[in-house]
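Undergrad: starting from these lines, generate the structure:
(2 chains)
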Amino acid sequence: MVDTELIKFKGVTKKFKRNLVLDSNSFNIPENKITGLIGSSGSGKTTILKLIIGTYKPTKGEIVYLRRNIRKSIKYVERYFGFATEDGSFYDKLTVKENIYYFGRLQNMKKRDIKKNAAKLINLVGLDKAKNTLAENLSIGMKKRLDITCALIHKPKVLIMDEPTSGLDPVLRKEIIRLIKTINKKGTTIMMTTQLLGEADELLDKVLVLYDRKIVEDGSPSEINKKYNKQSINDVFEEIVKQHKEKKKKKKIYLKNPKNEELDFINKKEKKDLDKILDDYEKNQKRGRK
Amino acid sequence: MNFKSVYSVIKKNFKILWRSKISAIAIVFVPLIVVLLVGIGFSTFSFSSINAGVYSYDYNNLTQSSLDVIEEKGYVLDKYPSKTDCEKSVKDGKTDICVIFPKNLSIKTNESISIYVDKSETDLAYYLINTIQTQIAKKSQGISETQVQKLIDLVTNAKGTVSSVKEQVSSMKNDIDSAKDSASIISSENTDIDELMDKLQEINSSLEDFGGDNESDVGEIISTLEEAKEKTENINNSLNRASFNSEKILNDLNNLENKVNKISNELDGLSDKLNSREIVDVKKIVKPINTEIKSINPNSSNWDYIFPNFLTIVVLFCSIILASSLVMREKKAGAYFRNSITSTPDFAFIIGTYITCLIILFLQLIIVLTGVHFIIGTSLNTIVGELALAVIFSSSIFIFLGMLISYAFKSEETTMVVSISVVALFLFFSNVIFPIEAISGPLQKIIEYNPAAVSNSLFRKIVLFKYSAVSILKGFLSLFLTFISFVVLTVLVKKMSKKRI
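TA: You can find the predicted model right below:
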């Protein structure tokens, strides 16, 4: 069965002033699946999530949700997308219930619907006993669950999760993974980022590997593992990092002085200039081979 | 915009505030404490416990009496051994003012009393200069009055002399009149002699006609008559001469009378002038034009005068700081991001925060005004509508300004620094600390539109002069336009700040 493309990235580039964070990326997020975006810290994973919900505007390219440009359909995003943040996005001085009701109200839901959804969700995430506890007094795991509940109160079609398992011990992590699976089974498409690759094989239907501003791998965990002849996504990621480092090192071979000493890059500009020279050199060599 | 969302935002704000006890206390009760302290401290507003440094080359009677009048004002006098020490005492803050008396201070010398003040303490300096100058001027006036009184006494004596001279002149006039009468009689006597001569001539002629029979007797009579005529003629000549002289005397007497009358008239004028009030009243001579400073609203207390300024400070300070704190707290809360991705528009959050601030501010003002009513005794019953309207207008501007600052800056520290700087800037140019009129040129024109200055003006007009809202419509309009500009700016800046989440 062919997956329905719910969200599509078309050559998306994102720059913050002169800093290039994403470089012409194209991929899609299938409906009713759990898609994981993996990459090292600071690689631009959260930027991709914020591009999806329309907080950031792509410098180049477009992001499409059900054939609609997301930037031009923010109302749909607000209505059909939920976002669970890494650090928790709720009020510490409100109770669990108050937080859920408050965000339900902000989603223009009727009180009756909020009450119904809140009861189900509180039960689903296991916060029944803590529903009248101030958020600041919750444990880390409970805070994660509260954040997910706040993201789900308006019954979104897509749940975007930024590092949902970071900072959790293995037991709590398993609990959250189980919760994510349950939410997905109820028909919610999930797009999540993670640095903890151990959970990728177990949890994800689709993996997007972000490395050096680009999505370098896109497929199911089994497909990718097979491609790299590895047992897990964790191994694959290590291999990808290794290959890229070697590739860069190869480029450096040509950057030796007459004494056969490798050159040090003094600053960003010099590095950039040298990279350009290397790229040109590589292109010329390829042409020569042809 | 969904009003239920706005209501949720307001409810949430109050819940959070209520659960952050310290913040709630700080936000609601600190202004109350401030107003209590200011109210008690300044309700009987006057400068007391002022130390005046004094130096005089010699403490003569005039110096001492001048010092007495300063002391009467309740100032504590510190005498310094030298002029330099006295001046230094002001620099060191030991005294608030230094008064230097010249050597041999007397009413005959032109030396002046010098007053040294620290003008950096603007209000106090001008108050002290004014007070000391007034006290010394009073003393100076007293001396002038004594001198003028002496002058008046001399004039009064002169009046008596003039009166006696007038009497003598009057008696002289009478003498002249009687002399004139006498001279007139001599003149009339001369006419009688002429008539007698004519009669004698007639008799003589008759006798000559009668002379035929008794020629010798007639001749004798005629000769006797001739002799009588001759003698009469001699008398007549004498009388003519006398008459001529008497006419001359009469003329002289007339001239004399004219001169005496002129003197008499001048003496009358002089007497009138001496009797007129302007010259008699010593105070009128010493201080011909009197000035009296009267309050436009004499029933107002010191607190009434301070209250509009105080209200401006409370509204300005509380609105900006409260709004910027609330927004900054919101921005720092994890939930800020979730708020930004919900269906609720930005404007609902802005309005929610605005209404929250407005409610808190009104709670503060209710406490403050109740305190003012019960502790200080100022009644605001008659102006409560206008005052509430003015407070809503001005606080709305400052609340939006506070929000604008918070949305514009990312860090909490920068926001607070900018907020406090803006409060200070608005306050400095609002007539509360310095008069706008003291600011030069085009800047003054711009500052006139400072919402703090406009608010201050409205508060003064309402509190002190009981203006109705209609009569100060221009001020309200100016505030309203500023309010609209700040609303637009706040919405734009919030939209821009979203990109930085």
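Undergrad: state the next helix or strand along the chain beyond the lengthiest helix in chain B.
TA: Once chain B is assigned using DSSP state H, the helix that runs over the most residues is helix B:122-210. Beyond helix B:122-210 on the C-terminal side, the first helix or strand identified by DSSP states H and E is helix B:215-275.
Undergrad: and the average pLDDT for that following helix is what?
TA: If you average the pLDDT over helix B:215-275, you get 78.
Undergrad: packing partners of it?
TA: Contact partners of helix B:215-275 among helices and strands, from 3 or more Cβ pairs under 8 Å, 6 or more residues apart in numbering or on different chains; DSSP states H and E: helix B:122-210. Bear in mind the C-beta positions are built from the backbone N, C-alpha and C, glycine included.
Undergrad: now do the helix it packs on: distance to the chain's middle.
TA: Average the C-alpha atoms of helix B:122-210, do the same for its chain, and the two points are 46 Å apart (Cα atoms, centre = their mean, to the nearest Å).
Undergrad: name the helices or strands packed onto that helix?
TA: Packed next to helix B:122-210, using 3+ Cβ pairs under 8 Å, 6+ apart, are helix B:61-72, strand B:97-101, strand B:114-117, helix B:215-275, helix B:277-280, helix B:282-286.
Undergrad: change it to 6 Å
TA: Contact analysis of helix B:122-210 by 3 or more Cβ pairs under 6 Å, 6 or more residues apart in numbering or on different chains; DSSP states H and E lists helix B:61-72, strand B:114-117, helix B:215-275, helix B:282-286 as its packing neighbours.
Undergrad: if we can go back for a sec, next, the angle helix B:215-275 makes with the longest helix of chain B.
TA: Between helix B:122-210 and helix B:215-275, the angle formed by their directions is 170 degrees, by axes from the mean of the first three to the mean of the last three Cα atoms, to 10 degrees.
Undergrad: taking their axis directions, helix B:122-210 and helix B:61-72 sit at what angle?
TA: Between the axes of helix B:122-210 and helix B:61-72, defined by the same axes, to 10 degrees, the angle is 130 degrees.
Undergrad: who's in contact with residue B:343?
TA: Applying Cβ atoms under 6 Å, 6 or more residues apart in numbering or on different chains to residue B:343 gives the contacts A:78, A:107-108.
Undergrad: filter the residues you listed down to the buried ones and hand me the ChimeraX line.
TA: Listed next is the ChimeraX selection for buried residues among these, using 16 or more other Cβ atoms under 10 Å in any protein chain shown:
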select /A:78,107
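Undergrad: sorry, back to before: highest average neighbour count across the helices and strands packed on helix B:122-210?
TA: Mean neighbour count (mean count of other Cβ atoms under 10 Å in any protein chain shown) peaks for strand B:114-117 among those, with a mean of 18.
Undergrad: now it: how far from the chain's centre is it?
TA: 23 Å.
Undergrad: just checking: what are the partner strands of that strand?
TA: Taking DSSP bridges as the criterion, strand B:114-117 sits next to strand B:97-101 (antiparallel) in its sheet.
Undergrad: domains for chain A, by residue range?
TA: According to the domain assignment given by automatic domain parsing, chain A is divided into the following structural domains: A:5-219, A:245-289.
Undergrad: who wins for proximity to chain B among those?
TA: Nearest to chain B among the domains of chain A is domain A:5-219; the distance by Cβ to the nearest Cβ comes to 3.9 Å.
Undergrad: pLDDT on the closest one, on average?
TA: 89.
Undergrad: got a list of what residue B:441 touches?
TA: Contacts here follow Cβ under 6 Å, 6+ apart; on that basis residue B:441 touches nothing.
Undergrad: how near is it to residue B:430?
TA: In this structure, residue B:441 and residue B:430 are separated by 18 Å, where distance is defined by Cβ to Cβ, to the nearest Å.
Undergrad: what do you get for residue B:320?
TA: Here residue B:320 is placed at a distance of 13 Å from residue B:430 (Cβ to Cβ).
Undergrad: more neighbours, the two?
TA: Comparing residue B:320 with residue B:430 by other Cβ atoms under 10 Å in any protein chain shown, the one with more neighbours is residue B:320, at 29 against 23.
Undergrad: host element of the more buried one?
TA: Remark: residue B:320 resides in helix B:302-332, with elements defined by DSSP H and E.
Undergrad: what average pLDDT does that helix get?
TA: Throughout helix B:302-332, pLDDT has a mean value of 85.
Undergrad: output the contacting helices and strands for it.
TA: helix B:21-42, helix B:346-371, helix B:384-408, helix B:412-428, helix B:451-465.
Undergrad: please save the CA atoms from the following helix or strand past it in PDB.
TA: Counting by DSSP H and E, the next helix or strand C-terminal to helix B:302-332 is helix B:335-340. Included here for helix B:335-340 are C-alpha records, laid out as PDB according to Å, rounded to 0.1, in the frame of the first residue of the first chain:
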ATOM      1  CA  ALA B 335       3.500  28.000  27.500                       C
ATOM      2  CA  TYR B 336       4.200  31.100  25.400                       C
ATOM      3  CA  PHE B 337       5.200  28.900  22.500                       C
ATOM      4  CA  ARG B 338       2.000  26.900  22.700                       C
ATOM      5  CA  ASN B 339      -0.100  30.100  23.000                       C
ATOM      6  CA  SER B 340       1.500  31.300  19.700                       C
END
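Undergrad: what comes into contact with helix B:335-340?
TA: Residues from elsewhere that reach helix B:335-340 (Cβ under 6 Å, 6+ apart): A:89-91, B:330, B:498, B:501.
Undergrad: show me what from chain A comes close to chain B.
TA: Taking Cβ under 6 Å from any Cβ of the partner chain as the measure of proximity, chain A contacts chain B at A:53, A:78, A:83, A:87-91, A:93, A:102, A:105-108.
Undergrad: so, low pLDDT: which residues of the stretch 401-501 of chain B?
TA: B:499-501 (pLDDT under 70).
Undergrad: torsion angles phi and psi at residue B:52?
TA: phi -110, psi 120 (degrees, to the nearest 10).
Undergrad: look at it and say how many residues are nearby.
TA: When neighbours are counted by other Cβ under 10 Å, residue B:52 registers 25.
Undergrad: ditto for residue B:152
TA: For residue B:152, the neighbour count with other Cβ under 10 Å is 17.
Undergrad: surely residue A:149 meets residue A:123?
TA: No: between residue A:149 and residue A:123 there is no contact, the gap being 10.2 Å when judged by Cβ atoms under 6 Å.
Undergrad: residues of stretch B:152-164 that come out buried?
TA: Applying a neighbour-count criterion of 16+ other Cβ under 10 Å, one finds B:152, B:159, B:162 buried in stretch B:152-164.
Undergrad: so which bits of stretch B:424-438 are buried?
TA: Taking 16+ other Cβ under 10 Å as the basis for neighbour counts, the residues of stretch B:424-438 that come out buried are B:426-427, B:429-432, B:436.
Undergrad: which stretches of the stretch 101-250 of chain A form helices?
TA: Defined through DSSP state H, counting those that start in this stretch, the helices belonging to the stretch 101-250 of chain A, from first to last, are A:111-125, A:140-152, A:170-185, A:198-203, A:221-228, A:233-253.
Undergrad: could you say what helices and strands the second one packs with?
TA: Just to be clear, that refers to helix A:140-152. Other elements packing on helix A:140-152 under the criterion 3+ Cβ pairs under 6 Å, 6+ apart are strand A:81-84, helix A:96-106, helix A:111-125.
Undergrad: please name the residues that touch residue B:390.
TA: For residue B:390, the residues meeting the contact criterion (Cβ under 6 Å, 6+ apart) are B:458, B:462.
Undergrad: measure it to residue B:363 for me?
TA: Between residue B:390 and residue B:363 the distance is 18 Å, computed by Cβ to Cβ.
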